[in-house]
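S.K.: Got a predicted structure here, sequence first:
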Amino acid sequence: MIILAIETSCDDTCVAILKVKSQKSKVKSFDILSNVVSSQVKLHKKYGGIFPTLAKREHQHNLVPVLRKALQEARLLNSKLQFKIQNLDKFLNKKIDLIGVTVGPGLEPCLWVGVNFAKKLAKDWNLPLIPINHIEAHIFANFIDSKLQFKSQKLFPAICLVVSGGHTQLILMKDFGKYKILGETRDDAAGECFDKTARIFGLEYPGGPAIAAEATKFQVSNFKFQVKLPRPMMYTKNYDFSFSGLKTAVLYNYQKQPAKIKKSKKYIQAMAFEIQQAIIDVLIHKTLKAAKDYKVKTIILGGGVTANEELRKQLFEKIKKEKLNFKLQVPSLKLCLDNAAMIGITAYFHWLKNRKTKKIIEADANLKI
Ligand code: KG4
Ligand code: ZN
């Protein structure tokens, strides 16, 4: 079975093609035939964040070329023929069986570009179209590489920490497809906090990798400033987060520094180190609290911020040091960030459960898992 997946919820235009290898057995495995991500980072860099109308226009420009690239990489396109989106099936050497598309949450104008494109293809090819929740897909990204047993009882219950540019959520997962949101951010998402604080120091967008890179250069021995930033809501009884206070604390610290220090590499490195550590401390503390409270078997990570190597390392080490009995499931680095392969595997799961196409498929910017 061949799955075509489309993702346009934010600033990346993504198309992937997956092949289900062992369809009949309970243990499923997948081949990623292609997973093309066309990033708009350069375009949005000068604004320090994403402009939805600009992102929508870019998706409109990019979708056909990205689809072509994905089909070529998957060797589904008959290369001797000129590619045309009209009558595209004439140009394919193998049949596509299923289409999955992100319908939310995300930036509404961007979501609609992918949804309308997928609807057109599904209609032209008479294929089932599966609407996908982006957050659920970040969780399913964990199971593309490893063998996935959709009926596995060994994993559940699990706590999922989904942290991206738009979301910070702790989700109790009782089984595949069964979720309860335990807590989420009340203001900025963790990724947003990385992005906005990076901007204060003139670091590049996206801020997460930029802050992480500066943090690795920090050495306690040559640092003369004492920076201690708050860990907002770390010890509250609930599972909610708040990161806007951290961003404000960073801004106040920056504003009170003399001009010479503000620009100094050592100050920026020290701040980056402390920003990253404050975010990691809160994420790890709340995730382990939820995992202990709900006596789960597994902790599952997902979303762009989980590409942060310190977060992965420190969570792993803490579980080991405290001899906690949780299995830690993390996606490969590339699959943490937005991509369409994660949409494809989620589409396959929903198709297995219910082989019907929904009558009405619409984008929903605030879709909940
Ligand atoms: O999941 P994602 O690709 O897109 C959304 O769904 O939002 O996440 C993007 C976010 C950005 O805020 C980016 O700064 C952050 O993930 N990010 C990181 C790292 N790589 C990306 N944050 C911390 N450390 C990283 N290495
Ligand atoms: Zn995402």
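M.R.: Now that the structure is in, tell me what you want to look at. Residues are numbered from 1 along each chain as shown. Ligands and ions are numbered 1, 2, ... in the order given.
S.K.: Ile181 reaches Met173, doesn't it?
M.R.: No: using C-beta atoms under 8 Å, Ile181 is not in contact with Met173, being 10.6 Å away. Using the backbone N, CA and C atoms, a C-beta is placed for each residue, glycine as well.
S.K.: Can you name the residues of the stretch 251-369 of the chain that neighbour ligand 2?
M.R.: Contacts of the stretch 251-369 of the chain with ligand 2, taken as C-beta under 5 Å from the ion, map to Asp338.
S.K.: what's the answer for the stretch 101-250 of the chain, then?
M.R.: Residues of the stretch 101-250 of the chain lying near ligand 2 (C-beta under 5 Å from the ion): Ser164.
S.K.: top helix in this structure by residue count?
M.R.: Longest helix of the chain, by residue count under DSSP state H: helix 265-293.
S.K.: Leaving out chain neighbours, which residue sits closest to Lys353?
M.R.: Gly177 (6.6 Å; C-beta to C-beta, 6 or more residues apart in numbering).
S.K.: ok so, going back, looking at Ile181 and Met173, which has the bigger crowd around it?
M.R.: Taking neighbours as other C-beta atoms under 10 Å, Ile181 and Met173 compare with Met173 leading, 21 against 15.
S.K.: hang on, that one is in a strand, isn't it?
M.R.: Yes: Met173: assigned to a strand according to DSSP: H, G, I helix; E, B strand; the rest coil.
S.K.: So for it, what's the pLDDT?
M.R.: Looking at Met173, its pLDDT is 97.
S.K.: Return the set of residues that bridge with it.
M.R.: Beta bridges link Met173 to Ala158, Tyr179, judged by DSSP bridges.
S.K.: That one touches Tyr179, doesn't it?
M.R.: Yes: between Met173 and Tyr179 there is a contact under C-beta under 8 Å: 5.6 Å.
S.K.: Which neighbours do the two have in common?
M.R.: Both Met173 and Tyr179 are contacted by Cys160, under the criterion C-beta atoms under 8 Å, 6 or more residues apart in numbering.
S.K.: What segments of the protein are strands?
M.R.: Along the chain, the segments classed as strands by DSSP state E run 2-7, 12-20, 27-28, 30-39, 98-104, 129-133, 148-149, 158-163, 168-175, 178-184, 298-302, 327-329.
S.K.: I'd like to know which of those lies nearest to Gln314.
M.R.: strand 327-329 (11.3 Å; C-beta to C-beta).
S.K.: Can you give me the neighbour number for Thr197?
M.R.: Here the count is done by other C-beta under 10 Å, and Thr197 has 29 residues near it.
S.K.: could you measure the residue nearest to it when sequence neighbours are not counted against ligand 2, distance?
M.R.: Nearest non-adjacent residue to Thr197, counting by C-beta to C-beta, 6+ apart: Val250, 4.7 Å away. For Val250, the distance to ligand 2 equals 24 Å [C-beta to the ion, to the nearest Å].
S.K.: count of neighbours near Val250?
M.R.: Residues lying near Val250 (other C-beta under 10 Å) number 24.
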